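> Give the three-dimensional model of this entry:
(one chain, ligands or ions: 1)
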Amino acid sequence: MIQPMARIASYFSDHEWPDERRRLALMEQRYDPGTIRRLEAIGVTHGWSCLEVGAGGGSIARWLAQRVGQTGRVVATDLDTRFFEDAVAANVEVWRHDIAADPLPSEHFDLVHVRWVLDLLPDRERVIEKLIFALKSGGWLLDEEPDIFPTASGVWRAYRTLVEALATVTHSAGLDSEWARTLPAVLTAAGLVDVEADTEVDLFRGGSVMAESRTLSFEQLRAPALESGVISEAEFDRGLACLTDPDAWLMDFATVAAWGRKP
Ligand SMILES: C[S@@+](CC[C@H](N)C(=O)[O-])C[C@H]1O[C@@H](n2cnc3c(N)ncnc32)[C@H](O)[C@@H]1O
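As a prediction, the model looks like this:
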């Protein structure tokens, strides 16, 4: 039996989970350089007003706060703000906020940034419309989301079996690991202009930082995956063992990034 969506999604937002802070720190270590490169290319600068949605560990909110300076503002939101609320600068407002349900001010921000959040939510396109509603004319939306497409090319079969089983569980529960590839079209259809996109793909080794990050994410899904019956415990453990095997080279999810400007 597949688990209800709310339960699966909550696995990736559960800040009570003992390894969640570590998992978020590993994400920041891997993805911050690409995010910062894109934010610099967009031209984030002094005086901008920025919204960081689902801020997680808060590293990008802190980077934005420095970048926009004392004349700028950053609003950093999350369902659970515990990992960044004490470590932000004076020009940062922390909001406990559900991006799917809670309102945003209209025409307020020069930049909205989201990373690895919308894939967790149903009705992503409606959330994108809300984010655009919150942008000033001329403001930028940057969204970076995971997509499963590279993993099908991985040569380590046990790892592929695990990743594909987890995708089946999460997909049946409302998450979509094939949505990110549509992001440029979604942003264009939502009315943004000057839309650009790029993709990062990792081929990583068992025992690496990325392998630890994936281990923590997959362990969060162990219970619903086994309960769903799409994978046996032995298969789950064989897939997980690849992540500590230094001879294994594993094809990761892609991060698809797309950004565009409100006319
Ligand atoms: C995979 S983590 C990514 C964290 C951060 N954006 C990063 O890339 O380092 C997903 C984050 O989104 C938050 N989140 C999930 N659903 C949310 C919602 N409906 N509104 C706001 N934040 C949400 C979670 O609490 C978690 O901190």
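
> Surely Ala100 touches Glu125?
No. Between Ala100 and Glu125 there is no contact under CB atoms under 8 Å: 11.8 Å. C-beta: built from backbone N, CA, C; applies to glycine.

> higher neighbour count, these two?
Between Ala100 and Glu125, counted using other CB atoms under 10 Å, Ala100 has the larger neighbour count: 17 against 13.

> Of all residues in this structure, which one is closest to the ligand?
Using CB to the nearest ligand atom, the single residue of the chain nearest to the ligand is Gly56, 2.5 Å away.

> tell me the contacts of that residue?
Leu24, Met27, Glu28, Asp78, Phe83, Phe84, Arg115, Trp116 (CB atoms under 8 Å, 6 or more residues apart in numbering).

> Let me see the ranges of the helices in the protein.
Residue ranges of the helices in the chain, as given by DSSP state H, are 5-11, 20-42, 59-68, 124-133, 157-172, 183-189, 209-220, 222-228, 233-242.

> looking at these, which has the lowest confidence?
Mean pLDDT per stretch puts helix 5-11 lowest among those, at a mean of 52.

> Touching, Lys136 and Lys262? I think so.
Yes. Counting by CB under 8 Å, Lys136 sits close enough to Lys262 to count as a contact (7.1 Å).

> Out of the two, name the residue with the larger neighbour count.
Neighbour totals were compared for Lys136 and Lys262, and Lys262 leads with 23 against 15 (other CB under 10 Å).

> Find the nearest non-adjacent residue to that one, please.
Leaving aside its sequence neighbours, Lys262 sits nearest to Leu135 (CB to CB, 6 or more residues apart in numbering; 4.4 Å).

> Run a quick neighbour tally on the one you found.
Counted with other CB under 10 Å, residues neighbouring Leu135 total 24.

> In the beta-sheet assignment, what are the partners of it?
Assessed by DSSP bridges, Leu135 has beta-bridge partners Phe109.

> again, but for Glu196
Note on Glu196: beta-bridge partners Trp259, judged by DSSP bridges.

> burial count for it?
Residues lying near Glu196 (other CB under 10 Å) number 15.

> Buried residues of stretch 232-249, list them for me.
Of the residues in stretch 232-249, those scored as buried under the neighbour-count criterion (16 or more other CB atoms under 10 Å) are Glu235, Phe236, Arg238, Gly239, Leu240, Cys242, Leu243, Asp245, Ala248, Trp249.

> who in the chain is up against the ligand?
Applying CB under 6 Å from any ligand atom, we find that the chain lies next to the ligand at 12-13, 24, 27-28, 31, 54, 56-57, 77-80, 98-100, 115-117, 120-121.

> For PyMOL, write the selection for the buried entries among the residues you listed.
The following PyMOL line selects those of these that are buried, judged by 16+ other CB under 10 Å:
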select buried, resi 12+13+24+27+28+31+54+56+57+77+78+79+99+100+115+116+117+120+121
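
> Next step: the residues of the chain next to the ligand restricted to strands.
Using DSSP state E, the members of the residues of the chain next to the ligand that fall within strands are Thr77, Asp78, Arg115.

> In CSV: these, plus pLDDT.
Formatted as CSV, those follow (pLDDT from 0 to 100):
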residue, pLDDT
Thr77, 97
Asp78, 96
Arg115, 98
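
> Tell me how far Asp80 lies from Ala180.
Distance, Asp80 to Ala180, using CB to CB, to the nearest Å: 23 Å.

> One more: His171?
Distance of His171 to Ala180, given as CB to CB: 13 Å.

> and what of Val195?
When CB to CB is the yardstick, Val195 and Ala180 sit 14 Å from each other.

> Settle it for me: which of these two has more neighbours?
In terms of neighbours (other CB under 10 Å), Ala180 is the more surrounded of Val195 and Ala180; the figures are 28 against 18.

> hang on, the more buried one packs against Pro146?
Yes. In this structure, Ala180 sits in contact with Pro146. The criterion is CB under 8 Å, and the distance is 6.0 Å.
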